[in-house]
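[1] Build me a model from this:
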Amino acid sequence: EEEAWSGFQSNSVLAIGVLFVVARSLEEAGTVESLVQLLLGNSSNLSCAVLRLCLPLIFISGFINDTPTVAMMLPLVGRW
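    You can find the predicted model right below:
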C-alpha cells in the first residue's frame, strides 16, 4: 500500500494534478472557450486552421504542462 501512494510524494505529480483542476475550472467558467473562439475563429482552409490552433498552443505549452493543456483543449477543439 505504501508503494501505491509513494508517487504522490513527487512534486511533479502533484503539480500536474493541480493543473488539471485549474484547467477544468477555467473550462467550466467559459474563459477558455471564449479565448479559443477568439483565437481560432472560423477557418475554411485546413492549413490556416492548423496554424491558428498551433500558434497559441505553442505559447501556452511554454508555461503550462502539455497534459493538462491537451485535456483542456480536446473538447473545445472537438466542438470547433
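
[2] okay, and the helix or strand of the chain with the least pLDDT?
    helix 2-5 (a mean of 68; mean pLDDT, DSSP states H and E).

[3] which residues touch whatever helix or strand residue 21 lives in?
    Remark: residue 21 resides in helix 11-29, with elements defined by DSSP states H and E. Residues from elsewhere that reach helix 11-29 (CB atoms under 8 Å, 6 or more residues apart in numbering): 7-8, 32-33, 64-65, 67-69, 71-72, 75-76. For the C-beta atoms, the positions are set from N, CA and C on the backbone; glycine is no exception.

[4] Please flag which of those sit within helices.
    32-33, 67-69, 71-72, 75-76 (DSSP state H).

[5] coming back round to it: same question for the helix holding residue 21: list its buried residues.
    For helix 11-29, the neighbour count (16 or more other CB atoms under 10 Å) marks 19, 23, 27 as buried.

[6] now that helix: mean pLDDT?
    Averaging pLDDT along helix 11-29 yields 78.

[7] Closest to the centroid, which residue in the chain?
    The centroid of the chain falls nearest to residue 69 when counting by CA atoms, centre = their mean (1.9 Å).

[8] thinking that residue is in contact with residue 56, fair?
    No: Residue 69 lies out of contact with residue 56 (CB atoms under 8 Å); the separation is 10.2 Å.

[9] Show residues contacting stretch 36-51.
    52-53, 56, 73, 76-77, 80.

[10] Rebuild those residues as TSV, extending it with pLDDT and distance to residue 12.
    Putting those into TSV (pLDDT from 0 to 100; distance: CB to CB, whole Å) gives the following:
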residue	pLDDT	distance to residue 12
52	83	31
53	82	27
56	80	24
73	76	21
76	74	25
77	77	26
80	73	30
